[in-house]
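Give the three-dimensional model of this entry:
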Amino acid sequence: MESAKSNIQGYQNVIVMRHGDRLDNFEPLWTSTAARPWDPPLAQDGKNRAFRNGQRLRSQVGFPIHRVFVSPFLRCIQTASEVVAALSAVDFDPNAVSSRDVLSIDNTKIKVAIEFGLSEIPNPIFIKSEVAPKDGKFDFKISDLEAMFPEGTVDSNVDMIYKEVPEWGESAQAFEDRYYKTVKILAEKYPSENLLFVTHWGAVSVAFYNYFKDATKYVVDYCGSVEMRRQILNGDGFGKFEVVTSHGVSYKYTKIPVHDHVLVSQSPVEPVCV
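Numbers count the residues shown, from 1 in each chain. Sure, this is the predicted structure:
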């Protein structure tokens, strides 16, 4: 691991990323026959987008990623797998399209762990009631999910902050607190490492909310992300996280014609298919 190198300038870097394009947005009938209709995989375009974002992180952000934490939902697992493949490839190939183009992996560069605290928001706004588990329980076989990552990249010694997916009907305040707590605790647990969180729309918005206070006015594209950093002070102290930049995040506004003028309304955005 390159922890010492990562903070040579005295900063810890954290990126919170949304998953890639989910299959049920492209194939609406998929849910009618799926065994787990609440847990769609990525479309191939989503896998490709995730890999390209891994390439972008590797070549453009200016610091290495040392550790990845990921929601157990399949679309996030597949997104993280593509990103990790791009970041861990022995040779950087700008023409590579997906992990299938990676010939060799250096599994010492990055470690990956699944974290229930980064899970999707279990309520009808984010998971339609008709596709949600009838008993409200979300079951995941962690060993199967870990097997989807490049060999040797999973850190099985990491303890989850949350031991299970929250119960069905999680409130807005509860999911905001959960996402914020998860990122904060893990950043404090690994202060000398740069972290990537692969999660859902809500978590990326919460990253904005805690700094700009109007996160509901932001739209997060597939694989959209927020990059934050904090200063490592002398001794054991840390500065506060600040948002450095974002990728695939835009401000939402609505143009309403009023006579001969246009009124810009800053109304909240309703998330769809997160």
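
how much space between the spatially most central residue of the chain and Pro124?
By Cα atoms, centre = their mean, the chain has its centre lying nearest to Val198, at 2.3 Å. Applying Cβ to Cβ, to the nearest Å, the value for Val198 to Pro124 is 24 Å. Glycine gets a C-beta too; all of them are placed from N, C-alpha and C.

For Gln231, give me its contacts.
For Gln231, the contact set (Cβ atoms under 8 Å, 6 or more residues apart in numbering) comprises 10-11, 238-239.

Show me which of those residues are buried.
Tyr11 (16 or more other Cβ atoms under 10 Å).

these two touch, right, Thr245 and Glu227?
Yes - the criterion here is Cβ atoms under 8 Å, and Thr245 meets it with Glu227 at 5.1 Å.

counting contacts, what elements does the helix or strand Asp144 falls within pack onto?
Per DSSP states H and E, Asp144 falls inside helix 142-146. Judged by 3 or more Cβ pairs under 8 Å, 6 or more residues apart in numbering; DSSP states H and E, the packing partners of helix 142-146 are strand 111-114.

Mean confidence (pLDDT) on the helix or strand where Arg230 lies, please.
Secondary structure assignment for Arg230, by DSSP H and E: strand 218-231. Mean pLDDT, computed over strand 218-231, is 89.

following that strand, which helix or strand comes up?
Going down the chain from strand 218-231, the next helix or strand is strand 242-251, by DSSP H and E.

Report the distance from that next one to the chain centre.
14 Å (Cα atoms, centre = their mean, to the nearest Å).

what about the residue nearest to Gly224 when sequence neighbours are not counted, neighbour count?
Nearest residue to Gly224 in three dimensions, chain neighbours excluded: Gly248, at 3.1 Å (Cβ to Cβ, 6 or more residues apart in numbering). Close neighbours of Gly248, defined as other Cβ atoms under 10 Å, add up to 17.

returning to that earlier point: if you count what's nearby, which of Thr245 and Glu227 comes out ahead?
Set Thr245 next to Glu227 and count neighbours by other Cβ under 10 Å: Glu227 wins out with 20 against 12.

how about the more buried one, what does it touch?
So Glu227 contacts 13-15, 61, 243-247 (Cβ under 8 Å, 6+ apart).

Columns distance to Leu103 and pLDDT on top of the residues you listed, output as TSV?
What follows is the contacts of Glu227, written out as TSV (distance: Cβ to Cβ, whole Å; pLDDT from 0 to 100):
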residue	distance to Leu103	pLDDT
Asn13	28	95
Val14	30	96
Ile15	26	96
Val61	24	92
Val243	36	87
Val244	33	88
Thr245	31	87
Ser246	32	86
His247	27	88
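
Using a markdown table, please lay out those together with distance to Ala89.
Listed next are those as a markdown table, based on distance: Cβ to Cβ, whole Å:
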| residue | distance to Ala89 |
| --- | --- |
| Asn13 | 20 |
| Val14 | 23 |
| Ile15 | 18 |
| Val61 | 16 |
| Val243 | 29 |
| Val244 | 25 |
| Thr245 | 24 |
| Ser246 | 25 |
| His247 | 20 |
